[in-house]
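Visitor: Generate coordinates for the sequence data below:
(4 chains)
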Number of protein chains: 2
Amino acid sequence: MRIGALAEATGVSRDTLRFYERQGLLRADRRGNGYRDYPEGVVTLVRLIRQAQSLGFTLSEIGALLQGLHGGLSQNEIETVLRSKLHEIDVRMAELAELRAVVAARLAAACPLGLKTAGLLDPVRAGP
Amino acid sequence: MRIGALAEATGVSRDTLRFYERQGLLRADRRGNGYRDYPEGVVTLVRLIRQAQSLGFTLSEIGALLQGLHGGLSQNEIETVLRSKLHEIDVRMAELAELRAVVAARLAAACPLGLKTAGLLDPVRAGP
DNA sequence: GTAAACCTTTGAGTTAGGTCCAAGGTCAAG
DNA sequence: CTTGACCTTGGACCTAACTCAAAGGTTTAC
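Guide: Reported below is the predicted structural model:
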């Protein structure tokens, strides 16, 4: 698969794909003429990168994860990386749940406002 | 409250606090000598900003939300903003749950690898 | 054989979100 | 009345993650 097709298939620009390669996230074989030739499954990989990214992981974090998955690390190291990512995800999810509760409470309270006098953006409380 | 105390209380640098002010996220009164004087509740506000930020909201998104909360928008507009934020949070949470499943499945499978031959980073499947 | 649509590289520019620094004003303590 | 810890501004600089442009090689289509 050449870069144009990959760009087309993933919605990620050629420039960005080349950028990801420089960052070590993607790898491509080369044809005789110097053109990149992406291996099978690269579309899925690019999609995973974008997904992880949209969730706040940096490219270098993703790179570390992929290095593991790519066989550069031992079984044990891979597990460690995955476990720590899992933990991060759980933390993020908990934070999101918290933020959601704050926003939902504000919404439920129809937000009478008094930003200065009330506790600004404290979670809405029950009692007086 | 002066800027140093706020920085101390929130763990956010003075420079960053001034930056947030330029971005319209924070507001401070001025004392006779020109020093910023932050109103009550600002610590909570800064913490909320950081929290939202850590979840992938941009400063300008946060700014829009705060404009609403700050009374610049009508009750109705505020509700709309909050509802749309709530929706975004829900989408994010769903995405996170998905990513978590992928990573967890990889981990459970102890990731035998074969990145090239297997579907790279597809969720691990059951049957053949 | 030439035009269009691909591809290559290098290198500069952009945006977001800070971070640092210089030059200087303010204020409490000794 | 100086020292030190505050504060002010303006502007330069930094990293991440792109994005674009220039100059040129390759393939396919006519």
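
Visitor: can you tell me the residue of chain A closest to DNA strand C?
Guide: DNA strand C sits closest to A:Gly4 of chain A, with a gap of 2.7 Å, by Cβ to the nearest atom of the strand. Any C-beta I mention is one placed from the backbone N, CA and C, and that applies to glycine too.

Visitor: That residue contacts A:Arg14, correct?
Guide: Yes: counting by Cβ atoms under 8 Å, A:Gly4 touches A:Arg14, with 6.6 Å between them.

Visitor: Doesn't the residue of chain A closest to DNA strand C belong to a helix?
Guide: Yes: counting by DSSP: H, G, I helix; E, B strand; the rest coil, A:Gly4 falls inside a helix.

Visitor: Give the burial count for it, as a bare number.
Guide: A:Gly4 is flanked by 12 other residues according to other Cβ atoms under 10 Å in any protein chain shown.

Visitor: Repeat that for the one 10 residues further on.
Guide: When neighbours are counted by other Cβ under 10 Å, A:Arg14 registers 14.

Visitor: List the buried residues for stretch A:42-56?
Guide: By 16 or more other Cβ atoms under 10 Å in any protein chain shown, the buried positions in stretch A:42-56 come out as A:Val42, A:Val43, A:Leu45, A:Val46, A:Arg47, A:Leu48, A:Ile49, A:Gln51, A:Ala52, A:Leu55, A:Gly56.

Visitor: Kindly report the same for stretch A:16-36.
Guide: So for stretch A:16-36, counting by 16+ other Cβ under 10 Å, buried means A:Thr16, A:Leu17, A:Tyr20, A:Leu25, A:Leu26, A:Arg27, A:Ala28, A:Arg36.

Visitor: now do stretch A:84-102
Guide: Neighbour-count burial for stretch A:84-102, counted by 16+ other Cβ under 10 Å, picks out A:Lys85, A:Leu86, A:Glu88, A:Ile89, A:Arg92, A:Met93, A:Leu96, A:Leu99, A:Arg100, A:Val102.

Visitor: Could you pull up phi and psi at A:Arg36?
Guide: Per-residue torsions, A:Arg36: phi -70, psi 140 (degrees, to the nearest 10).

Visitor: Excluding residues flanking it in the chain, which one is nearest it?
Guide: Computed as Cβ to Cβ, 6 or more residues apart in numbering or on different chains, the closest residue to A:Arg36 that is not its neighbour in sequence is A:Ala28, at 3.8 Å.

Visitor: Around DNA strand C, which positions in chain A sit nearby?
Guide: Residues of chain A found near DNA strand C (Cβ under 7 Å from any atom of the strand) are A:Arg2, A:Ile3, A:Gly4, A:Ala5, A:Ala7, A:Arg14, A:Asp15, A:Arg18, A:Ala28, A:Gly34, A:Tyr35, A:Arg36.

Visitor: Closest one of those to DNA strand D?
Guide: Checking these against DNA strand D by Cβ to the nearest atom of the strand gives A:Asp15 as the nearest, at 4.1 Å.

Visitor: any low-confidence regions in chain A?
Guide: A:69-73, A:109-128 (pLDDT under 70).

Visitor: hang on, the earlier thing: tell me which residues touch the residue of chain A closest to DNA strand C, please.
Guide: Contacts for A:Gly4 (Cβ atoms under 8 Å, 6 or more residues apart in numbering or on different chains) come out as A:Arg14.

Visitor: how much space between it and A:Tyr38?
Guide: For A:Gly4, the distance to A:Tyr38 (Cβ to Cβ, to the nearest Å) stands at 11 Å.

Visitor: just A:Ser13 next, same as before
Guide: Counting by Cβ to Cβ, the gap from A:Ser13 to A:Tyr38 is 15 Å.

Visitor: Settle it for me: which of those two has more neighbours?
Guide: Ranked by neighbour count (other Cβ under 10 Å), A:Ser13 and A:Tyr38 place A:Tyr38 first, with 21 against 11.

Visitor: my guess is the more buried one meets A:Thr10, correct?
Guide: No: contact between A:Tyr38 and A:Thr10 fails when scored by Cβ under 8 Å: they sit 10.4 Å apart.

Visitor: returning to what we had before: would you list the residues of chain A next to DNA strand C in JSON lines and tack on distance to B:Leu65?
Guide: Formatted as JSON lines, the residues of chain A next to DNA strand C follow (distance: Cβ to Cβ, whole Å):
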{"residue": "A:Arg2", "distance to B:Leu65": "43"}
{"residue": "A:Ile3", "distance to B:Leu65": "39"}
{"residue": "A:Gly4", "distance to B:Leu65": "40"}
{"residue": "A:Ala5", "distance to B:Leu65": "40"}
{"residue": "A:Ala7", "distance to B:Leu65": "34"}
{"residue": "A:Arg14", "distance to B:Leu65": "36"}
{"residue": "A:Asp15", "distance to B:Leu65": "33"}
{"residue": "A:Arg18", "distance to B:Leu65": "36"}
{"residue": "A:Ala28", "distance to B:Leu65": "42"}
{"residue": "A:Gly34", "distance to B:Leu65": "49"}
{"residue": "A:Tyr35", "distance to B:Leu65": "47"}
{"residue": "A:Arg36", "distance to B:Leu65": "42"}
